[in-house]
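*Asks:* Need the 3D shape of this:
(one chain, ligands or ions: 2)
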Amino acid sequence: MSYRFMPAPDPALPILQEVFGYPAFRGPQAEIVAHVIGGGDALVLMPTGGGKSLCYQVPAIARQRAGQGVTIVVSPLIALMHDQVGALDEAGVSAAFLNSTQDFEAALAIERDLRAGKITLLYVAPERLTTARFLGLLDHLAEDGKLSLFAIDEAHCVSQWGHDFRENYLALSLLHERYPRVPRIALTATADDLTREDIIARLGLDAARVFISSFDRPNIRYQIVEKADARRQLLAFIRDEHEGDAGIVYCQSRKKVEDTAEWLTQQGVSALPYHAGLAADLRQHTQDRFLREDGIVMVATIAFGMGIDKPDVRFVAHLDLPKNIEGYYQETGRAGRDGLPSNAWMAYGLQDVVNQRRMIDESPAHEEFKRNQRAKLDSLLALAEAYDCRRVRLLAYFGEIYGQPDAGEALPTQGEPPRGAATAGSVGACCRNCDNCLTPPATWDATEAARKALSCIFRFHQHGGQRFGAGHLIDVLRGKQTDKVAQYGHTELSTWGIGADLSEQQWRGVLRQLIALGHLRAEGEYGTLELTESARSVLKGEVQMLLRQPSEAKRSRDARGGGRSKAAPIALDALATLRYNALKAWRASVAKEHNVPAYVVFHDAVLAEMASTEPKTLSDLRGISGVGEKKLEAYGMQILRALDEAGV
Ligand code: ADP
Ligand code: ZN
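*Replies:* Numbers count the residues shown, from 1 in each chain. Ligands and ions are numbered 1, 2, ... in the order given. Sure, this is the predicted structure:
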C-alpha cells in the first residue's frame, strides 16, 4: 500500500484525524471514501491489511453526522463482531452488533437504539439481516430516510467460485431491490477476475465503481529455506527474529500440529495447538487466548485463520508446503495487517514435493481437476526453487506486474522504486524485502548432474527392473557403500559413484527440481522414482538447469549476525524499551477491564512511538498516529502518568 497523501474532501479527513487519529488516508482510501459519502456504490478489492474497514467506517460517520442515519455492515464473521464493535467504541463511535450469540433482551435493546437513531454502525450476520423482523425494521428506517449505507464485508462469500461460499450471502441481492436508493459498498481481499465478476452479478453492482489496489504486502518479508531439520530451523527463526512475538505455524496434519506445539512449548515458546479435531469450546478458548494474550504462537492446520484479523501477527511459518500459491498467499497474508515489518517463512524439501504429488495422484478426483491441481502445485514449486525476487513471482501469479499495479496507486514503500520497474515492468525487479533480493543466492549449473541422476534411474531399471527412492539413488550416485547397495549389486552400475563431487544436499536439490519440472515422478509410499516422457530431453542435454546453491550454512551465519532480539516492533533503545513495557502493562489492564484484545486499545506501533518520542503533554500525544480525540480524552492522562512512573 502506498502511504502517499491524497487530497481528501471534507468531511472525511477531519473524521480520519479526530476519530481514528491517523494523519492521512492510504492509497485509494480517500477516493473510495469520497465516492461513498457522495452516495455512489463501490466494489473495493484490497489485500488483507490494506485498510478496508475505514472505507466504510469513515463514510458511515460522515453520513450519520449529515443526518442520513445508520450504516448496516454485513459480516459473516460472528466471532469478530464483538472486537470490531469494541474497537469503534474505544474510538468513540456508536456501534453495535446483532447476531445469534446474543440473548433476546440484548437484541431488543439494540433494536430500540436503532429506531431512536442512536447507532452509527450496526454489524449483522447475513442470516439475521434477511429475516422478516429485521427487514421490517429496515423498512421503517428507510421510510424515515435514516438508512444510510450498506457495507458488505467479505463480499467474495457470495461467489461459488470463491473459497468460502456462503449460501445466505445470495439473499443479499434483495438489498438493492428493496432499497434501491441506499448506496452499497462491497469489500473483499479476493482478487481473481471470476470472483469479481460473480460479486458484481450476484449483488447487482453493475453501476458500482470498482477500486482495485495492488495486492502487494510490502511489509511482509518472504523467506523460503531448504529443510534440513525443520523444527530446529523453525526454533532458530523464532529465537533469532521473533522472541516473544505472536505468530502462526502451519502444519499439514493434526498429529504434526500437536507434536510441534508440544515440542515448541518444551523449548520455551508459548505455543498452542489448533485443528478441527479439537473440541469446539477448546478451539474457541485457544483462539481467544491468541487474540487477547501477547506473544502466543498458534501451531495449526489450515482450519485456523479465516476471519482472524489480529493486526500484530508478526510471522507466519509453514512447516509443510501448502497446496498452491493461493493458499500460501492467503495464509502468509495473516501476518502484519498493521503494516509493521513481518515475516513469511517456509521450510520445504524433497519430501514435501513427493507428498503433495502423491496426494493429488491418489485423490479420487477427475483427471482434469488433478491436472489443474498439478499445474498449481508446479507454480508453487517454481516459487520455492526460485533464485529471483519472490514478490515479483507472487504478484505475477495474480496477474500483477510488480511496481505497476492496476490502479496505479500503490507503490512499494521500501524507499526507492525497484530497479527496472518503471521501464521493463517486473523483469529483474528487486523488492528489497525477500530472501532472494536481500541475499541473492548463488546458482550452479545442474544440467550435467540432472543427466547423471536420470541415467542412474534408467540403469536401475535395466539392471533388474527395480525402482528406488531418492535416498538410495543418492547413495549410488555418491558411491556410498550401504547394505542396500551390496544387496542389489549396484556397485556394478556404470553410474556408481559418478556424482561423488556433489553433496547429498545438492543432489536433493537436483531431484526436487526434476520432480518439480515433471521429468521425474515420485510414486507410492516410499516415493520411488520413475522417469517420465520428458526425461528424454534432459538425458539428451537439451534442457539447461540452473539451481540455487544450498544456503543453509550461510543462512545460519546471517541469522546470528543480523538477528534482532526485539520486544518492540520498531527499534527502541534500552530506556525506550522500559517505557514501552510499562505502556504495555498499562494497556493490558485497560484491555482486561474493557474485555477487548489489547490491540483494540492501542496497536503496538502506537505504544512504541509513545515510548520513543516521550510525549510530555496531551497535545504531544495528539500528534501520534493512532491517537484519536476520544482515546486522548479517555487515556491521555493515564499514559502520561505511566510514562512518568516508568521513571526513565
Ligand atoms: P483489512 O480489513 O483491509 O484487512 P483493516 O481495515 O483491518 O484492513 O486495516 C488494517 C490496519 O491498518 C488496521 O489496523 C487499521 O487501523 C490500519 N489503517 C487503515 N487505514 C489506515 C490509515 N489511513 N492510516 C493508518 N493506519 C491505517
Ligand atoms: Zn524480492
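*Asks:* wait, doesn't residue 549 sit right on residue 440?
*Replies:* No. In this structure, residue 549 is not within contact of residue 440 by Cβ atoms under 8 Å, at 10.4 Å. Every residue, glycine included, has its C-beta placed from N, CA and C.
*Asks:* doesn't residue 358 fall inside a helix?
*Replies:* Yes. Under DSSP: H, G, I helix; E, B strand; the rest coil, residue 358 falls within a helix.
*Asks:* So it is in contact with residue 522, correct?
*Replies:* Yes. The pair residue 358 / residue 522 is scored as a contact, 7.2 Å apart, by Cβ under 8 Å.
*Asks:* In terms of neighbours, single out the busier of those two.
*Replies:* residue 522 (23 against 16; other Cβ atoms under 10 Å).
*Asks:* How about the more buried one, nearest residue that isn't a chain neighbour?
*Replies:* Leaving aside its sequence neighbours, residue 522 sits nearest to residue 354 (Cβ to Cβ, 6 or more residues apart in numbering; 4.2 Å).
*Asks:* contacts for the helix or strand where that neighbour lies?
*Replies:* In the assignment (DSSP states H and E), residue 354 maps to helix 350-362. For helix 350-362, contacts defined as Cβ atoms under 8 Å, 6 or more residues apart in numbering pick out 227, 252, 320-321, 323, 370, 373-374, 377, 381, 470, 508, 511-512, 515-516, 521-524, 527.
*Asks:* List the buried residues of stretch 519-533.
*Replies:* For stretch 519-533, the neighbour count (16 or more other Cβ atoms under 10 Å) marks 519, 520, 521, 522, 523, 527, 528, 529, 531 as buried.
*Asks:* what's the answer for stretch 207-217, then?
*Replies:* So, applying 16+ other Cβ under 10 Å, buried residues of stretch 207-217: 208, 210, 211, 212, 213, 214, 215, 216, 217.
*Asks:* likewise stretch 164-177?
*Replies:* 166, 168, 169, 170, 172, 175, 176.
*Asks:* buried subset of the contacts of helix 350-362?
*Replies:* By 16+ other Cβ under 10 Å, those give 227, 252, 320-321, 323, 373, 377, 381, 470, 508, 511-512, 515-516, 521-523, 527 as buried.
*Asks:* Which ones among those residues lie within strands?
*Replies:* Using DSSP state E, 521, 522, 523 are the members of the buried ones among the contacts of helix 350-362 that sit in strands.
*Asks:* List the residues that contact the second one.
*Replies:* Contact analysis of residue 522 by Cβ under 8 Å, 6+ apart lists 353, 354, 357, 358, 469, 470, 515, 528, 529, 530.
*Asks:* same question, the first one
*Replies:* Contacts of residue 521 were listed using Cβ under 8 Å, 6+ apart, and they are 357, 515, 529, 530, 531, 532.
*Asks:* Turn those residues into JSON lines, including pLDDT and distance to residue 223.
*Replies:* Below are the contacts of residue 521 laid out as JSON lines (pLDDT from 0 to 100; distance: Cβ to Cβ, whole Å):
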{"residue": "357", "pLDDT": "83", "distance to residue 223": "24"}
{"residue": "515", "pLDDT": "83", "distance to residue 223": "22"}
{"residue": "529", "pLDDT": "91", "distance to residue 223": "29"}
{"residue": "530", "pLDDT": "89", "distance to residue 223": "33"}
{"residue": "531", "pLDDT": "92", "distance to residue 223": "33"}
{"residue": "532", "pLDDT": "89", "distance to residue 223": "31"}
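*Asks:* Can you pull the domain assignment for the protein?
*Replies:* 12-212, 220-438, 443-548, 574-646 (automatic domain parsing).
*Asks:* Quick check: phi and psi on the closest residue to residue 435 other than its chain neighbours?
*Replies:* Take residue 435 and drop its neighbours on the chain: the residue closest to it by Cβ to Cβ, 6+ apart is residue 223, 4.3 Å away. When read as degrees, to the nearest 10, the backbone of residue 223 gives phi -140, psi 130.
*Asks:* What part of this structure, helix or strand, is modelled with the least confidence?
*Replies:* When each helix and strand of the chain is scored by mean pLDDT, DSSP states H and E, helix 421-424 comes last, with a mean of 32.
*Asks:* Report the next helix or strand after that one in sequence order.
*Replies:* Per DSSP H and E, the first helix or strand lying C-terminal to helix 421-424 is helix 435-438.
*Asks:* Burial check on the residue nearest to residue 321 when sequence neighbours are not counted, number of neighbours?
*Replies:* Computed as Cβ to Cβ, 6+ apart, the closest residue to residue 321 that is not its neighbour in sequence is residue 352, at 3.9 Å. Look at residue 352: counted by other Cβ under 10 Å, it has 23 neighbours.
*Asks:* Any regions of the stretch 1-150 of the chain where pLDDT drops low?
*Replies:* 1-9 (pLDDT under 70).
*Asks:* ugh, wrong one, I meant the stretch 351-500 of the chain
*Replies:* Checking the stretch 351-500 of the chain against pLDDT under 70 turns up 405-428.
*Asks:* Recalculate using a threshold of 80.
*Replies:* Across the stretch 351-500 of the chain, the ranges flagged by pLDDT under 80 are 404-429.
*Asks:* for the stretch 201-350 of the chain, same thing?
*Replies:* By pLDDT under 80, the low-scoring segments of the stretch 201-350 of the chain are 306-309.
*Asks:* near ligand 1, which residues of it?
*Replies:* Residues of the stretch 201-350 of the chain lying close to ligand 1 by Cβ under 6 Å from any ligand atom are 309, 311, 337, 338, 339.
*Asks:* Over to the chain?
*Replies:* 22, 25-26, 29, 46, 48-54, 309, 311, 337-339.
*Asks:* Residue 123 sits in which helix or strand?
*Replies:* Using DSSP H and E, residue 123 falls in strand 121-124.
*Asks:* can you check residue 461 too?
*Replies:* Going by DSSP H and E, residue 461 is in helix 447-462.
*Asks:* and the one helix or strand residue 114 maps to, which residues are buried?
*Replies:* Per DSSP H and E, residue 114 falls inside helix 104-115. Along helix 104-115, these residues count as buried under the neighbour rule (16+ other Cβ under 10 Å): 107, 110, 111, 114.
*Asks:* Run through who's touching stretch 281-301.
*Replies:* With Cβ under 8 Å, 6+ apart as the test, stretch 281-301 has contacts from 79, 83, 238, 244-254, 257, 260-261, 264, 269-276, 278, 304, 308, 310, 584, 588, 591, 597-598.
*Asks:* if you look at those residues, which of them are in strands?
*Replies:* 247, 248, 249, 250, 271, 272, 273, 274.
*Asks:* looking at it, the last one is touching residue 260, isn't it?
*Replies:* To tie it back to what came earlier, the one meant is residue 274. No. Using Cβ under 8 Å, residue 274 is not in contact with residue 260, being 11.3 Å away.
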